[in-house]
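Asker: Predicted model and sequence follow; I will ask about them next.
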Amino acid sequence: MIVGKARSVALVGLEGTVIEIEAAIGGGLPRTVLVGLPDTSLNEARERCKAAVASTGLEWPKQLVTVNLTPATLPKTGSHYDLGITAAVLAAGGQVHIDLLEDTVLLGELGLDGRVRRCRGVLPALLAAVKSGYTRAVVAADQVSEARLVEGLTIWGVSTLAELVEVLKGNPVLDRLMPEPTPEAKREGPDLRDVVGHAEARWVLEVAAAGRHHLFLHGAPGVGKTMLAERLPSILPDLTPSQALEVTAIHSLVGANVAQGLIRRPPFAAPHHTASLVSLVGGGPKASQPGSFSLSHLGVLFLDEATEFPPSLIEALRTPLEAGSIHIGRSGAQVRYPARFQLILSSNPCPCGCYGVASRQCTCRPDVVRRYQSRISGPVLDRIDLHHHVRPLTKSLLKGQPQGEPSADVAARVAEARERQARRLAGTRWCTNGEVSGPWLRRQLPLPDGLGVVDDAVKQGRLSARGVDKVLRLSWTLADLAGVDLPTASHVRTALAMRRGEELGAVA
Amino acid sequence: MDQRRTTGAQGEQIAVAHLEGLGWTVVDRNWRSGRLGELDVVALQPGPGRLGTLVFCEVKTRRGLGYGDPLEAITYKKLGRLQALAGQWLAAHELRCDRIRIDAIGILLTTGATPVINHLQGVTS
């Protein structure tokens, strides 16, 4: 019996395992059997591969073809095994050389006409292949630039099965000229320059960005909460190369086109409040899809109208906020997706949106207002250092107000503050003030001057023990922004004032 | 209908010639058992023992590949029926042998070219 072998990668979440595809010919009536725990989409690969082989002018063996995917106990899903299955069968039939398949990983879906189609998760799959010691990979031609993000691999892009056969015969197709990935991370999306007025809110946004503090924006409808939140990513620093690889791998899993190169800017996700739990947390067949929480990993997760989200979705925030990742368990799949995002919540003060707003009359009953404001649970609020009430503009937009400061200038200050934090927190598992634990903050760092105001606030019952930690964290961020080594009394006072937003809650 | 019969008969003729060319003895042809179906060719292959192997052959003939390879038309359900038929044939005949086996022979007839014979031995296992 002749056996052909090829290799591909099975992905469970971001974890890849190199799969050996064996094809044996002979031993019965013409039939193709796929064994090794394929799911439905993979079982259909037989028909695709057969048709693609026929339309390429090659021959599918007219005998019993047994295709085995090992390790046989790992459930396999997806359509990207097509190239590997076809190559193994062709190799068993002696139509391509077997030796070139030895250390090559093949990823791609076949069309009935023999075209090679792109597939999801090429980046994480190839990262796993490199880790397992493979040196060559074949991917769909339009995914070559994504595959090249992985170092240490020779990549061949093929657009048809015929080209794959040429490659496997040892005649690589002409290397198509690919546009080089732009070296500079471009700032796209809305810019802070467009924000007129809102001096206070801009400052809060800058502090949130500098210390990576979670932020809750309160305010009446139309004051600009969403506008501000959308601009937070524009003042965050670029992702480091390893962070960029991690973020790009996650986005590759949902089939995002990452042909432009690594994602170097912090991602932004703003799920609607009608989103399903799985779309936020992740899931799908064998938990193969990351959700919004993971898609905003190392970026910003913005929950607009947070009070409209069902409590179950808000509670789902607690584990990623605590652990920075999400474990999803399904039968036959235990998946961990990273989910270390910066959270921004925004909400109106009451259902009608007018409660506590000067010159507007709220029509909600007091108990309705109270219930509305308590919809975000304590454990989630605990993690939010910054609350800000966005005030309506006091001057008309039409009167020539000066343009706001552009995002790039603010980002420069934020980057400097982040550097100071990184230096101070070197050797710990944190790198920003927003993540540092309370005890460490109080015991390992020198205490700032002027904590008297904080003591007073505690004595008067205006500040809880946890509140003290938050004031300390904010003070450090303010000091970092100011470029000093220890928060001054004025930083502590400012931090305490910034905390007032929470005590006031949604009430203006 | 007629065309199909002649194609089938033609194919069986080629199969018989092929088997005799292998040195086998054709014992029976087109043996029917009620509604269960038909055994196309029964042949005796010499060896491995003194009495030889009795082989029940299913012959499938096609004039082109438009509907797939001839052998692809032999389903596993049909193989089950062949096994039952083989048992009935053995009960009806007094012939002794060392082993029995079921083979499939696919024949592709293309005008102007020599027929392509694909002989698979022991298709039930």
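Answerer: Perfect, thanks for sending it. Residues are numbered from 1 along each chain as shown, chains lettered A, B, ... in the order given.

Asker: residue boundaries of the strands in chain B?
Answerer: B:25-33, B:37-45, B:53-62, B:99-108, B:116-120 (DSSP state E).

Asker: Reformat the ones you listed as JSON lines; add distance to chain A, mean neighbour count and mean pLDDT.
Answerer: C-beta coordinates here come from the backbone N, C-alpha and C atoms, glycine included. Below are the strands of chain B laid out as JSON lines (distance: least, C-beta to the nearest C-beta, whole Å; neighbours: other C-beta atoms under 10 Å in any protein chain shown; pLDDT from 0 to 100):
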{"stretch": "strand B:25-33", "distance to chain A": "22", "mean neighbour count": "15", "mean pLDDT": "91"}
{"stretch": "strand B:37-45", "distance to chain A": "15", "mean neighbour count": "20", "mean pLDDT": "92"}
{"stretch": "strand B:53-62", "distance to chain A": "10", "mean neighbour count": "23", "mean pLDDT": "92"}
{"stretch": "strand B:99-108", "distance to chain A": "6", "mean neighbour count": "21", "mean pLDDT": "91"}
{"stretch": "strand B:116-120", "distance to chain A": "7", "mean neighbour count": "17", "mean pLDDT": "90"}
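
Asker: what about these, which gets the closest to residue A:222?
Answerer: The closest approach between residue A:222 and any of the strands of chain B, judged by C-beta to C-beta, belongs to strand B:53-62 at 74.6 Å.

Asker: what's around residue A:260, how many residues?
Answerer: 14 (other C-beta atoms under 10 Å in any protein chain shown).

Asker: could you dump the strands of chain B to a markdown table with distance to residue A:338?
Answerer: Below are these laid out as a markdown table (distance: least, C-beta to C-beta, whole Å):
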| stretch | distance to residue A:338 |
| --- | --- |
| strand B:25-33 | 68 |
| strand B:37-45 | 62 |
| strand B:53-62 | 57 |
| strand B:99-108 | 55 |
| strand B:116-120 | 53 |
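
Asker: Please identify which of these is closest to residue A:468.
Answerer: Per C-beta to C-beta, nearest to residue A:468 of these: strand B:116-120, 82.3 Å.

Asker: Nearest spatial neighbour of residue A:282, chain-adjacent residues omitted?
Answerer: residue A:291 (3.8 Å; C-beta to C-beta, 6 or more residues apart in numbering or on different chains).

Asker: Would you check how far apart that neighbour and residue A:297 are?
Answerer: Here the distance between residue A:291 and residue A:297 works out to 11 Å (C-beta to C-beta, to the nearest Å).

Asker: report the angle between the axes of the longest helix seen in chain B and strand B:116-120?
Answerer: Criterion DSSP state H: the longest helix present in chain B is helix B:2-21. Orientation of helix B:2-21 against strand B:116-120 (axes from the mean of the first three to the mean of the last three C-alpha atoms, to 10 degrees) gives an angle of 70 degrees.

Asker: can I get the CA coordinates of helix B:2-21 in CSV?
Answerer: The C-alpha trace of helix B:2-21 is given here as CSV (Å, rounded to 0.1, in the frame of the first residue of the first chain):
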residue,chain,number,x,y,z
ASP,B,2,-31.1,-2.6,-25.5
GLN,B,3,-28.0,-0.5,-25.7
ARG,B,4,-27.4,-1.0,-22.0
ARG,B,5,-27.7,-4.7,-22.2
THR,B,6,-25.3,-5.0,-25.1
THR,B,7,-22.8,-2.9,-23.2
GLY,B,8,-23.1,-5.1,-20.2
ALA,B,9,-22.9,-8.3,-22.2
GLN,B,10,-19.9,-7.0,-24.1
GLY,B,11,-18.2,-6.1,-20.9
GLU,B,12,-18.8,-9.5,-19.3
GLN,B,13,-17.4,-11.1,-22.4
ILE,B,14,-14.2,-9.1,-22.0
ALA,B,15,-14.1,-9.9,-18.3
VAL,B,16,-14.4,-13.6,-19.1
ALA,B,17,-11.6,-13.4,-21.6
HIS,B,18,-9.5,-11.5,-19.1
LEU,B,19,-10.1,-14.2,-16.4
GLU,B,20,-9.4,-17.0,-18.7
GLY,B,21,-6.2,-15.2,-19.7
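
Asker: Thank you kindly, that will do.
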